[in-house]
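Novice: build me a model from this:
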Amino acid sequence: MARKGAPRLAKAIPTAMTPPPPTGAPDLYVPLFTVSLQHPYYTRHGGLCADLRLAPTPATRALMRTLGLIFRDRGGWLGVYVQGAAAGRLAGALRRAAADAGGGFWTRLSFALIAADPRFTQVTSLPIALGGGRTALYASNRGPGGGDGAVLCAGATAGPGDLYPLVGSSLAFQAPPGWADAELADLSGAVVYPRPPTPPVGVVGGVASLDFQGLEDGLYRIRPGGTEEAPTPGAGLQTTVLHTPARADAVGLIDILLTQPTPDFPGRYPLGPLFDPGQSAAVLAGPDYALPFEARSTTWRYYVISQAPGTQLLDLAIQGAGGAFERQPDPPPLPNGAQAALFASRVPLPLSQTTDLRFQLTGARRDADAFLHPVRVASLPVAPASPVWPTGADGAGASEIYVYV
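Specialist: Next up, the predicted model:
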């Protein structure tokens, strides 16, 4: 029996969008939208990234209370729900907010991407240093991602085009030549610092300072005062930045605009367009959004070490379906002074919780009396999730596996 006072959900975790409830159940909550965080590494969780959680920002928590929305986070999956009979009231609230803002339907819900396991960045094809106060991922339904707007990133999977520098409570930067002043604009293009009619911040000694205190988490553009054009970046200046509290486990932010902000704006939205003032009914679209990630591929390095002192390993080879390995010449000794035979995959191989990759080791061991003994490992261990060692500018990294025979 449902707990008294608990919201009645159409489905706990819907696999498809649930239609509006019948008129006899006006208090039934139906999906406003869902977000799935898809990641091929997490094979034990059906491809959902169980190490990522979506946490509403403080402003979003307050807005959801005002709008009567609830959310459910299941690790790798988020559902936001609205009472089926309340869609019209939600549309009215969005119209009032647009009128107060002076035009455009820019009301949004924002969710911080929290990595419950720090190894998330190790197994994901993104910079290992993602988050931690430097750069973070930004995703939104405001663009034509995936062709129909259901994909929240710029490409087929989250990548470099979705990364932005993080900014905390303030930013001082070297202004590009020709900048006399600077201002800060939000997602809609409205100036949020300094608040009009206060004039833009002056450039003093080539430096401008912007204050982010009191601003909602989100994407902001730095630009010269009085212009709506995107300026040419100066040396070291990123004109678009992400403002969200810096924390070690935060790797990004997702924005969901609740309806189409302007008629010419692409994207897919939970509520149908609200531009017709005579339209009384709100169309509840209930989209299933996805933020897909790509699993990191690394160079797999096998270090093969003999456990028997005074012996020598000969004719070693690693073979198997899914990858080819080459023995590396003159590998350096291990930290304990032992000498290992080093094999490296010819191409990077994907990391996965469970994998079909299977490799075998064959060879021989010559003992102190010159007798040869066969060496065979039928199934070598696969690359672990962590650590991933940097290898160069490509950022792929290397995984090290030690095999004692």
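
Novice: can you list the low-confidence ranges for this structure?
Specialist: For the chain, the stretches with pLDDT under 70 are 1-27, 131-133, 143-149, 228-237, 246, 278-281, 392-395.

Novice: select the longest strand from it.
Specialist: For the chain, the longest strand by residue count, based on DSSP state E, is strand 28-38.

Novice: so what secondary structure elements neighbour that one?
Specialist: Judged by 3 or more CB pairs under 8 Å, 6 or more residues apart in numbering; DSSP states H and E, the packing partners of strand 28-38 are strand 8-9, strand 52-56, strand 77-83, strand 250-257, strand 288-292. The C-beta positions use only the backbone N, C-alpha and C, and glycine is treated the same way.

Novice: list the buried ones in stretch 365-378?
Specialist: R365, R366, V375, V377 (16 or more other CB atoms under 10 Å).

Novice: still on that earlier bit, just the CA trace of the longest strand of the chain, in CSV.
Specialist: Extracted in CSV, the C-alpha atoms of strand 28-38 (Å, rounded to 0.1, in the frame of the first residue of the first chain):
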residue,chain,number,x,y,z
LEU,A,28,-1.5,10.8,-10.7
TYR,A,29,2.0,12.0,-11.5
VAL,A,30,3.2,11.5,-15.0
PRO,A,31,6.7,12.1,-16.5
LEU,A,32,7.4,15.6,-17.5
PHE,A,33,10.7,14.3,-18.9
THR,A,34,13.4,11.7,-18.2
VAL,A,35,17.1,11.7,-18.6
SER,A,36,19.2,8.6,-19.0
LEU,A,37,23.0,8.7,-18.7
GLN,A,38,24.2,6.1,-21.1
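
Novice: roughly how far is it from the heart of the chain?
Specialist: Centre-to-centre, strand 28-38 and its host chain are 18 Å apart (CA atoms, centre = their mean, to the nearest Å).

Novice: can you give the contact residues for stretch 53-60?
Specialist: With contacts defined as CB atoms under 8 Å, 6 or more residues apart in numbering, stretch 53-60 is touched by 35, 37, 64, 71, 73, 75, 78, 109-114, 116, 216-217, 244, 253-254.

Novice: straight-line length of it, end to end?
Specialist: Stretch 53-60 has an end-to-end distance of 15 Å (CA to CA, to the nearest Å).

Novice: and the closest residue to V304 other than its chain neighbours, how many neighbours does it have?
Specialist: In space, V304 comes closest to A341 once its chain neighbours are excluded; the distance is 4.4 Å by CB to CB, 6 or more residues apart in numbering. By other CB atoms under 10 Å, the residues close to A341 number 20.

Novice: isn't A341 right up against L313?
Specialist: Yes - using CB atoms under 8 Å, A341 is in contact with L313, at 5.8 Å.

Novice: mutual contacts of those two, please.
Specialist: In contact with both A341 and L313: V304, using CB under 8 Å, 6+ apart.

Novice: from the contacts of stretch 53-60, which land in strands?
Specialist: Judged by DSSP E, the subset of the contacts of stretch 53-60 located in strands is 35, 37, 71, 73, 78, 109-114, 253-254.

Novice: show me which of these is closest to Y289.
Specialist: Of all the ones in strands among the contacts of stretch 53-60, V35 has the smallest distance to Y289: 4.7 Å, by CB to CB.

Novice: bridged to that closest one, which residues?
Specialist: As for beta bridges, V35 partners with L78, Y289 under DSSP bridges.

Novice: now do the contacts for it.
Specialist: By CB under 8 Å, 6+ apart, the contact set of V35 is L54, W77, L78, F111, L152, I254, I256, Y289, A290, L291.

Novice: for the fifth one, which non-adjacent residue is closest in space?
Specialist: Read it as L152. A139 (4.0 Å).

Novice: quick one: whichever strand or helix holds the one you found to strand 108-115, angle?
Specialist: Secondary structure from DSSP states H and E places A139 in strand 135-140. Inter-element angle recorded for strand 135-140 and strand 108-115: 140 degrees (by axes from the mean of the first three to the mean of the last three CA atoms, to 10 degrees).

Novice: which helices and strands sit right next to strand 135-140?
Specialist: Applying 3+ CB pairs under 8 Å, 6+ apart, one finds that strand 135-140 makes contact with strand 163-167, strand 250-257.

Novice: deepest-packed of those strands, please.
Specialist: strand 250-257 (a mean of 23; mean count of other CB atoms under 10 Å).

Novice: sorry, back to before: redo the ones in strands among the contacts of stretch 53-60 as JSON lines? Include distance to A97.
Specialist: What follows is these, written out as JSON lines (distance: CB to CB, whole Å):
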{"residue": "V35", "distance to A97": "22"}
{"residue": "L37", "distance to A97": "28"}
{"residue": "F71", "distance to A97": "19"}
{"residue": "D73", "distance to A97": "25"}
{"residue": "L78", "distance to A97": "22"}
{"residue": "L109", "distance to A97": "13"}
{"residue": "S110", "distance to A97": "15"}
{"residue": "F111", "distance to A97": "19"}
{"residue": "A112", "distance to A97": "22"}
{"residue": "L113", "distance to A97": "25"}
{"residue": "I114", "distance to A97": "27"}
{"residue": "L253", "distance to A97": "20"}
{"residue": "I254", "distance to A97": "20"}
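
Novice: what's the closest of those residues to P261?
Specialist: Nearest to P261 among the ones in strands among the contacts of stretch 53-60 is L109, at 13.7 Å by CB to CB.

Novice: the longest helix seen in the chain to strand 77-83, inter-axis angle?
Specialist: Longest helix in the chain, counting residues (DSSP state H): helix 87-101. Note on geometry: by the same axes, to 10 degrees, helix 87-101 and strand 77-83 are set 100 degrees apart in direction.
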